[in-house]
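1. model the following, please.
(one chain, ligands or ions: 1)
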Amino acid sequence: MSKVAAVQMVSTPSVPENIATARRLVAEAAAGGAELVTLPEYWPIMGMSDADKVSHAEQPGNGPIQDFMAETAKEHGIWLIGGTLPLVSPDATRVMNTTLVYGPDGKPVSRYDKIHLFGFTKGKESYDEARTIVPGGSVGTFEAPFGRVGLSVCYDLRFPELYRAMGDCVLIVVPAAFTHTTGMAHWEVLLRARAIENQCYVLASAQGGTHANGRRTFGHSMLVDPWGEVKAVLNEGEGVIEGDIDLAYLASVRESLPALKHRKM
Ligand SMILES: NC(=O)CCC(=O)C(=O)O
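-> Numbering: from 1, shown residues only. As a prediction, this is how the structure comes out:
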């Protein structure tokens, strides 16, 4: 069995403050025995205006946010899935919303740029990520000691074909910042659906509270098992959830209900 953990945050407009919070919560997860820890979407910048978010973009391999993640993975000897951070894109006015994964030696092992960009308008609530983010174009996975891990970000959760394209994963991670409105309606159902249809664990690390920019995020960081059962959840506020990846259990679910073998397309 391998222990994994998800960090939930209510990020503020201050990068140093968010780094301090992430440092404390990742240390707590590692002290609890987690081998793999994931941070939420835009954990260093979620509380900022869109213009400020773009101005904090880092060059790949260079910047205080990436330095922190590399040092922290090494310090605790963990696999750190760095939620997302803004990385510079060829388009000077927009960024890539990127997940970087670090191994226990602190070296980067994988990169995934969020593919599906969120858009939503209901009454006074309106979001259009395409204004500040350039979409990625490739699937992201990496091999952890317990098996393949698939990378996705927030709104990606609504596109099941992305997860099929990852191949056979033991664990899917979903750093997120779901809105409170859409989260109430869809978050848990979508996470459980992805776990059930891919017969794997799903670990989601969320933003969960009211941010300085007025945005309210849903929280409910969650670990779901391959049968679709919720094993751990944190409703709101910052904190850590953890649980086990049990490969024998995953194999037993796939053996008793061989849906993945019955696929026709
Ligand atoms: N940051 C996001 O991708 C938000 C996605 C979301 O809230 C949704 O309902 O989907």
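2. need the residues that contact the lengthiest helix in the chain.
-> What stands out as the longest helix in the chain, according to DSSP state H, is helix 15-31. Residues outside helix 15-31 that contact it (C-beta atoms under 8 Å, 6 or more residues apart in numbering) are 5, 7-9, 11-12, 37, 39, 43-47, 56, 64-65, 68, 72, 76-78, 80, 238-240, 242. No exception for glycine: its C-beta is placed from N, CA and C like everyone else's.
3. ok, of the residues you listed, which come out buried?
-> 5, 7-9, 11-12, 37, 39, 43-47, 56, 65, 68, 72, 76, 78, 80, 238-240, 242 (16 or more other C-beta atoms under 10 Å).
4. so which of the residues you listed belong to helices?
-> Short answer: the buried ones among the contacts of helix 15-31 in helices (DSSP H) are 65, 68, 72, 76.
5. the residue nearest to the last one when sequence neighbours are not counted: neighbouring residues, count only.
-> What sits nearest to residue 76 in space, not counting adjacent residues and going by C-beta to C-beta, 6 or more residues apart in numbering, is residue 30, at 3.8 Å. Close neighbours of residue 30, defined as other C-beta atoms under 10 Å, add up to 21.
6. from the buried ones among the contacts of helix 15-31, which ones fall inside strands?
-> 5, 7-8, 37, 80, 239-240, 242 (DSSP state E).
7. most widely separated two among the residues you listed?
-> 80 and 239 (17.4 Å; C-beta to C-beta).
8. any idea how far the nearest residue to residue 103 once chain neighbours are set aside lies from the ligand?
-> Once flanking residues are discounted, residue 103 sits nearest to residue 109: 4.8 Å by C-beta to C-beta, 6+ apart. Separation of residue 109 from the ligand (C-beta to the nearest ligand atom, to the nearest Å): 24 Å.
9. and residue 109, what helix or strand is that in?
-> Here residue 109 is covered by strand 108-113, with elements defined by DSSP states H and E.
10. ok, and what's touching that strand?
-> So strand 108-113 is contacted by 60-61, 70, 79, 87, 96-103, 134-142, 151-153 (C-beta under 8 Å, 6+ apart).
11. buried subset of these, written for PyMOL?
-> Those of these that count as buried under 16+ other C-beta under 10 Å are selected in PyMOL with:
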select buried, resi 70+79+87+96+97+98+99+100+101+102+103+134+136+139+140+141+142+151+152+153
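12. near the ligand, which residues of the stretch 51-200 of the chain show up?
-> 118, 154-155, 158, 177-179, 182 (C-beta under 6 Å from any ligand atom).
13. please pick the buried ones from those residues.
-> Here, 16+ other C-beta under 10 Å leaves 118, 154-155, 177-179, 182 buried among those.
14. hang on, isn't residue 222 packed against residue 232?
-> Yes: here residue 222 reaches residue 232: they are 6.8 Å apart, a contact under C-beta atoms under 8 Å.
15. between those two, which one's more packed in?
-> Using other C-beta under 10 Å, the more surrounded residue of residue 222 and residue 232 is residue 222, with 26 against 18.
16. for the more buried one, grab phi and psi.
-> phi -150, psi 140 (degrees, to the nearest 10).
17. direction included, what does the helix or strand that the strand holding residue 109 is followed by pair against?
-> Next helix or strand after strand 108-113 toward the C-terminus (DSSP H and E): strand 119-122. Strand 119-122 has the following sheet partners, assigned by DSSP bridges: strand 125-128 (antiparallel).
18. would you put the C-alpha positions of the partner strand in CSV?
-> Extracted in CSV, the C-alpha atoms of strand 125-128 (Å, rounded to 0.1, in the frame of the first residue of the first chain):
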residue,chain,number,x,y,z
GLU,A,125,-20.9,35.0,-12.1
SER,A,126,-18.8,34.8,-15.2
TYR,A,127,-15.5,33.1,-16.0
ASP,A,128,-13.5,32.9,-19.3
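19. tell me the buried residues in that strand?
-> Across strand 125-128, burial judged by 16+ other C-beta under 10 Å covers residue 127.
20. any idea of the mean pLDDT for it?
-> Summarised as a single mean, pLDDT over strand 125-128 is 93.
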